[in-house]
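**Q** with the input below, show me the fold.
(one chain, ligands or ions: 2)
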Amino acid sequence: MSESVPLRIGKSLVIAIDGPSGSGKSSVARETAHRLGLAYQDTGAMYRALALVCLENGVEVHNQAAVEALAKRFYFEQWFDPGVGMVAAGLDQERALDVTDEIREPRVSEAVSAVATNLGARTELIRRQRAAIESVRSRMVVEGRDITTVVAPQAEVRLLLTASEAARLARRGAQLAASGESQTAEQVAAQVLARDAKDATVVEFQRAADGVVTIDSSDLDFEQTVQAVLRLVRETVGG
Ligand SMILES: Nc1ncnc2c1ncn2[C@@H]1O[C@H](COP(=O)(O)OP(=O)(O)O)[C@@H](O)[C@H]1O
Ligand SMILES: Nc1ccn([C@H]2C[C@H](O)[C@@H](COP(=O)(O)OP(=O)(O)O)O2)c(=O)n1
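**A** Ligands and ions are numbered 1, 2, ... in the order given. Alright, predicted model coming up:
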C-alpha cells in the first residue's frame, strides 16, 4: 500500500530533486507529483529541447553566442500535469512541434551538454524554470541538476537522488532498449559518463549541498524509491 502525505491545499510545496543521469529523477519525480497532486517540471527537457532546436535549425551547439541568442527566443512549452509529460518546442510558437520523443534521441543526448554548459543559455533557462514554478503557485516537483542549489534553493524539500554507476547504466540501457534504440551497452556507458563529466563542470550534482538530503536508490526498486521520497516529504513538511 502506498503512503500518503496529507497536504494543505494552496500551501507552497516545492520538491527539488537533483542527481546524475539514470538515477531515476524523472520517473520518481513524476510519480511523486502524481501521488501528491502537484505539478511536475522536468528541467532537463528544456535543455534537451534547446539542443534539438539548434540541431534542427543549423545552429552549431558550440557556438556560444548563437546558442545563447536562441535560448532567449526559442519557444518551449511543457505540460505540468504529471500524467501528460508532453513537450513542444520550435524557433517560435508558430513553428513549434510536439518534440516529446525526439528530445530523448541519442543525437540530442550527445549534443545537450554543449548547450547545458553555455552559461548565458543557462541564465535564460533558469529564468524560465523559476517562472514555471511561480505559474503553478509553487506547488511543483522540479527535477534536474541545479534545482536544490540554484533554481529553487528555497524549496521546502530538497533531495539528491543517487545510484551506483552500475545501476544507472543498467537502467538507462534498459530504458533505451525498451524505446527501440539500438545503442550497445558500451555506447550507452560512454555517452552517459561523458555527459555527466561535462555537465559536472558547471553544476554540482554529485554531492549534496548543505540542507539537501541524499537518497541512494542503488538497492531500492522504483516503488521503494518513491516511498523513500514520500517519507522525506512527510518528515519535512509534517503530516
Ligand atoms: N529505483 C529504481 N529502481 C529501478 N529502476 C528505476 C528506479 N528508478 C528509476 N528507474 C528506471 O530507470 C530508468 C531511468 O530513470 P529516469 O527517471 O529516466 O532517470 P533520470 O531522469 O535520473 O535520468 C527508467 O526506466 C526508470 O523507470
Ligand atoms: N537543471 C538541469 C537539468 C538538466 N541539465 C542538463 C544535463 C543533461 O546532460 C541534460 C539533459 O538532462 P536530463 O535530466 O534529461 O538527462 P538524463 O535523462 O538524466 O540523462 O541537461 C542541466 O544542466 N541542468
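**Q** I'd like to check which residues are in contact with the residue in the chain positioned nearest to ligand 1.
**A** The nearest approach of the chain to ligand 1 comes at Gly24, 2.8 Å away (C-beta to the nearest ligand atom). Quick note: C-beta positions are derived from backbone N, CA and C, even for glycine. By C-beta atoms under 8 Å, 6 or more residues apart in numbering, Gly24 lies in contact with 161, 163, 171, 217, 222, 225.
**Q** which residue ranges form the helices in the chain?
**A** 25-36, 43-56, 64-73, 106-116, 119-135, 165-178, 185-199, 222-237 (DSSP state H).
**Q** determine whether any part of the last one lies close to ligand 1.
**A** Yes: shown here: helix 222-237 in contact with ligand 1 (C-beta under 6 Å from any ligand atom) through 222, 225.
**Q** determine the set of other helices and strands touching that helix.
**A** Counting by 3 or more C-beta pairs under 8 Å, 6 or more residues apart in numbering; DSSP states H and E, the packing neighbours recorded for helix 222-237 are strand 13-18, helix 25-36, strand 157-162, strand 213-216.
**Q** can you give me the angle the first one makes with strand 157-162?
**A** Using axes from the mean of the first three to the mean of the last three C-alpha atoms, to 10 degrees, the inter-axis angle of strand 13-18 relative to strand 157-162 is 20 degrees.
**Q** counting by contacts, list what strand 13-18 packs against.
**A** helix 25-36, strand 139-144, strand 157-162, helix 222-237.
**Q** partners of the second one, with directions?
**A** In this case it means strand 139-144. When sheet partners are counted by DSSP bridges, strand 139-144 sits next to strand 13-18 (parallel), strand 39-42 (parallel).
**Q** can you pull out the low-pLDDT segments for the protein?
**A** Across the chain, the ranges flagged by pLDDT under 70 are 1-9, 239.
**Q** enumerate the residues of the chain near ligand 1.
**A** So far as C-beta under 6 Å from any ligand atom goes, the chain lies against ligand 1 at 19, 21-28, 171-172, 175, 217, 220-222, 225.
**Q** interface residues of this protein facing ligand 2?
**A** Counting by C-beta under 6 Å from any ligand atom, the chain sits next to ligand 2 at 21, 25, 43-44, 47-48, 112-113, 116, 144-147, 195, 199, 203.
**Q** so the residue of the chain closest to ligand 1 versus Gln224, what's the distance?
**A** Separation of Gly24 from Gln224 (C-beta to C-beta, to the nearest Å): 11 Å.
**Q** between those two, what contacts are shared?
**A** What both Gly24 and Gln224 touch, as defined by C-beta under 8 Å, 6+ apart, is the set Ser217.
**Q** coming back round to it: just say which of the helices and strands packed on strand 13-18 is most tucked in.
**A** Mean neighbours per residue, mean count of other C-beta atoms under 10 Å, is largest over these for strand 139-144, with a mean of 27.
**Q** from the chain's centroid, how far away is it?
**A** The chain centre lies 8 Å from the centre of strand 139-144; the measure is C-alpha atoms, centre = their mean, to the nearest Å.
**Q** and the angle from that strand to helix 106-116?
**A** 100 degrees.
**Q** ok, now which ones touch Asp216?
**A** 162-163.
**Q** please read the previous query as pertaining to Leu55.
**A** So Leu55 contacts 61, 107-108, 111 (C-beta under 8 Å, 6+ apart).
**Q** which residues does Asp196 contact?
**A** 20-21, 206.
**Q** kindly recompute the last result at 10 Å.
**A** 20-23, 113, 145, 165, 168, 205-206 (C-beta atoms under 10 Å, 6 or more residues apart in numbering).
**Q** number of nearby residues for the residue lying closest to Phe205 once chain neighbours are set aside?
**A** Excluding the flanking residues, the one nearest Phe205 by C-beta to C-beta, 6 or more residues apart in numbering is Arg145, at 4.2 Å. Residues near Arg145, counting by other C-beta atoms under 10 Å, number 25.
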